[in-house]
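Colleague: quick one, fold the following:
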Amino acid sequence: MDNTSLSVRSIEKHIAKLFIICFPFKMFAPLYFLNGVTFGLGDSASFIFCVLGLLLIAFRRKIIFAKDEGGKLLGQFATMYIILDLTSFFMALVLYREAGVIAGETTVIAVSKKILFTLSYILFVFYGREIGNILTKSEINKTLDICLNVCLIVGLIQVLMLNNISIAGKVYDTINSLFNAWSSSNAMRTKRIALLANEPAYSAGFITTIIIPFLLSRMFESGTHFKGLLRIFLFIVILYYTKSTTGYLILFIVLGFFAILYYSKGRKTSVNSLLFGVILGVCMLGVTVIILGDNLISKNVFNVMDKLFSYDNPNSADRKGMIAVGLSLFLRFPLFGVGDGNQGFYYQELLPDWAKNSYTGYSAYNHASDVLYDGGPFWIAFISGYGLLGLLLLFLFFKKSFRIIHRNRESFGYLYYFYYLSITALFVNGIGATLGSKYYFWFVLSIPMMVSFLKRDENVLTIANMES
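Modeller: Prediction:
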């Protein structure tokens, strides 16, 4: 390589690392002006590093889909969305006269905007795959660890702030002066924290879909140890203070799936290690109850159950109403869906009465003729927008992804377990939340596509060990 190539390669590495480190940084103030131009994609600091990374890739070589199995999987992902975009546009033409106009938008305009989003999704996944080429597996590990430590420090400062430690509030205000994130006044008023995002649910989603799966995945290689268990416990405390119902639910599912994976793989745990884990868990639980207080825990458990199962809960009725509308649209247009972007044209017609009778649902219903709503949570929008064809193509994509991951388990190392745990969490999270502008979602989807790069790194390491 010449000096120019080495310099570009070095810059690419730094940009790729910053792209990962900035996953939890939502509403980074210097970049917030891009949010309107990018239809919401610019509200994360990762956006600018993704764009810079793609420009450097274009600078160093032509962008082509490689013919290895990871490249073919990327091609399958791109083909899936291109096909679904075509069916969406077809449905927009079919429903053009029937749906009418909302907020100055027709079905064709609405679907065209969503098509631009899906083209960006393809680029996000492409860049995620290229990160496997730019960074080694060890470098990805260390970069995720840096991201984790930043979140841990900020989270603990916010926890102390909520417990009336004044110096913690001053430190957080200093940090937050760089961000348009959750202010200390918001945190104290709601008794919720949000790390470096503008909403607690976003940070809860990141903790449960990336941080916890990452920490758990490393236990398959390094085993259970005090530092790992302690960090998991601290993040569970931080998660508690986000007061995110979805976050709590995902945590239990991920921990349960981890236990199944851990013991199904024949992991042996000595009596001393098991005893240590039990004692540590009991002590942690006791400290948590003492710090948080039994009444506060009971109140939070009640709130979680109410948000999950009560139709008229004011904090979740509008979201449940949107889910109900999406499912109704899937039943009405089962083959191709209604076309992603067209869901809002049927919101008022299909919103259930129980949602209309709630405070948030009633407000959303009244605004549905002035604002064109999208399809709501990611997977609900997917099935209502693309129908059975979308589900079939998605199934084929994940079938191939799982086959690649399983067949090359040794090459993936900790990423093998991280992928399975994170995908499980993201499926649950996507039922109740949007994922399109969460760059870590597309990064996780791209992990199976890194296979040839991880094999290359493994071969280089093997040769180096043999020479030494």
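Colleague: please count neighbours and contacts with C-alpha atoms only from this point.
Modeller: Fine.
Colleague: where along the stretch 251-400 of the chain do the helices fall?
Modeller: Ranges of helices in the stretch 251-400 of the chain, per DSSP state H, counting those that start in this stretch, are 271-292, 294-309, 317-332, 347-350, 353-356, 359-367, 378-407.
Colleague: what score does F226 have for pLDDT?
Modeller: Note for F226: predicted pLDDT of 74.
Colleague: near it, how many other residues are there?
Modeller: Counted with other Cα atoms under 10 Å, residues neighbouring F226 total 11.
Colleague: ok, A78 next?
Modeller: Other residues near A78 come to 18 when the count uses other Cα under 10 Å.
Colleague: show me the shaky parts of the stretch 301-450 of the chain.
Modeller: For the stretch 301-450 of the chain, the stretches flagged by pLDDT under 70 are 301-317.
Colleague: rerun that using 90 as the cut-off
Modeller: For the stretch 301-450 of the chain, the stretches flagged by pLDDT under 90 are 301-324, 344, 347-376, 410, 431-437.
Colleague: what do you get for the stretch 101-250 of the chain?
Modeller: Short version for the stretch 101-250 of the chain, where the test is pLDDT under 90: 101-105, 113, 116-117, 163-166, 168-191, 195-199, 218-230, 233, 240, 243-249.
Colleague: the same query, at a cut-off of 70, please.
Modeller: 223-224.
Colleague: report the buried residues of stretch 148-157.
Modeller: L148, V150, C151, L152, V154, G155, L156, I157 (16 or more other Cα atoms under 10 Å).
Colleague: and those, which two are furthest apart?
Modeller: L148 and I157 (14.3 Å; Cα to Cα).
Colleague: how many residues are close by Y347?
Modeller: Counted with other Cα under 10 Å, residues neighbouring Y347 total 24.
Colleague: surely it is in contact with V325?
Modeller: Yes. Checked against Cα atoms under 8 Å, the pair Y347 and V325 is within contact range at 6.4 Å.
Colleague: can you count the residues close to I207?
Modeller: Neighbour count for I207, taken as other Cα under 10 Å: 25.
Colleague: doesn't it belong to a helix?
Modeller: Yes. According to DSSP: H, G, I helix; E, B strand; the rest coil, I207 belongs to a helix.
Colleague: in contact with A364, which residues?
Modeller: A364 makes contacts with D318, as judged by Cα atoms under 8 Å, 6 or more residues apart in numbering.
Colleague: mind redoing it with 10 Å?
Modeller: Applying Cα atoms under 10 Å, 6 or more residues apart in numbering, we find A364 in contact with 317-319, 321-322, 347-348, 351, 355-356, 358, 371, 373.
Colleague: what of F398?
Modeller: By Cα under 10 Å, 6+ apart, the contact list for F398 reads L73, F77, I404, L445, P448.
Colleague: which of those residues fall within strands?
Modeller: Among the contacts of F398, none falls in strands (DSSP state E).
Colleague: so which elements touch the host helix or strand of S185?
Modeller: In this assignment (DSSP states H and E), S185 forms part of helix 184-190. Under the contact definition 3 or more Cα pairs under 10 Å, 6 or more residues apart in numbering; DSSP states H and E, helix 184-190 sits against helix 137-162, helix 166-176, helix 226-242.
Colleague: quick check: buried residues in that helix?
Modeller: So, applying 16+ other Cα under 10 Å, buried residues of helix 184-190: S184, A187, M188.
Colleague: ok, the residues you listed vs F395, which is closest?
Modeller: For these, the minimum distance to F395 (Cα to Cα) is 40.7 Å, reached by A187.
Colleague: which of the contacts of F398 has the most neighbours?
Modeller: That'd be P448 among these, by other Cα under 10 Å, with 29 neighbours.
Colleague: thought L73 was touching that residue, still the case?
Modeller: Yes. Using Cα atoms under 10 Å, P448 is in contact with L73, at 8.1 Å.
Colleague: identify the contacts common to these two.
Modeller: When contacts are counted by Cα under 10 Å, 6+ apart, P448 and L73 are jointly contacted by F398, K400, S401, I404.
Colleague: mind checking how far the third one is from L74?
Modeller: In this structure, S401 lies at 10 Å from L74, with Cα to Cα, to the nearest Å as the measure.
Colleague: now the contacts of A364 in a markdown table, with distance to G337?
Modeller: A markdown table is the format used below for those (distance: Cα to Cα, whole Å):
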| residue | distance to G337 |
| --- | --- |
| A317 | 24 |
| D318 | 22 |
| R319 | 20 |
| G321 | 18 |
| M322 | 16 |
| Y347 | 15 |
| Q348 | 18 |
| L351 | 17 |
| A355 | 23 |
| K356 | 24 |
| S358 | 28 |
| V371 | 21 |
| Y373 | 16 |
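Colleague: is it possible to mark the buried ones in the residues you listed?
Modeller: For the contacts of A364, burial is judged from neighbour counts taken by 16+ other Cα under 10 Å, and it is met by A317, D318, R319, G321, M322, Y347, Q348, L351, A355, K356, S358, Y373.
Colleague: burial count for the spatially closest residue to the second one that is not a sequence neighbour?
Modeller: The spatially closest residue to D318, leaving aside those adjacent along the chain, is G361, at 4.4 Å (Cα to Cα, 6 or more residues apart in numbering). G361 has 27 neighbours, counted by other Cα under 10 Å.
Colleague: same check on Y240?
Modeller: For Y240, the tally of surrounding residues (other Cα under 10 Å) stands at 20.
Colleague: then the one 10 residues further on?
Modeller: One way to gauge burial is a neighbour count; for I250, by other Cα under 10 Å, it gives 22.
Colleague: same deal with the one 3 residues further on?
Modeller: Close neighbours of I253, defined as other Cα under 10 Å, add up to 16.
Colleague: isn't it up against I423?
Modeller: No. Using Cα under 10 Å, I253 is not in contact with I423, being 11.6 Å away.
Colleague: follow-up on the earlier one: which two in the contacts of F398 are spaced the farthest apart?
Modeller: Pairwise distances across these (Cα to Cα) peak at 14.1 Å, for the pair F77 and I404.
Colleague: now G376. Nearest residue, chain neighbours left out?
Modeller: Closest residue to G376 apart from its sequence neighbours, by Cα to Cα, 6+ apart: M322 at 6.0 Å.
Colleague: distance of the one you found from F418?
Modeller: For M322, the distance to F418 (Cα to Cα) stands at 31 Å.
Colleague: is it fair to say F443 lies in a helix?
Modeller: Yes. The assignment for F443 by three-state DSSP puts it in a helix.
Colleague: contacts only, for it.
Modeller: By Cα under 10 Å, 6+ apart, the contact set of F443 is I20, F23, F124, V125, F126, Y127, G128, R129, I131.
Colleague: now the common contact residues for Y347 and V325.
Modeller: Counting by Cα under 10 Å, 6+ apart, the shared contacts of Y347 and V325 are G375.
Colleague: got the contact list for Y241?
Modeller: Counting by Cα under 10 Å, 6+ apart, Y241 touches 155, 158-159, 162, 187, 191-194, 200, 204, 235, 292, 300.
Colleague: return the member of these nearest to L435.
Modeller: Relative to L435, the closest of the contacts of Y241 is A204; by Cα to Cα it sits at 13.2 Å.
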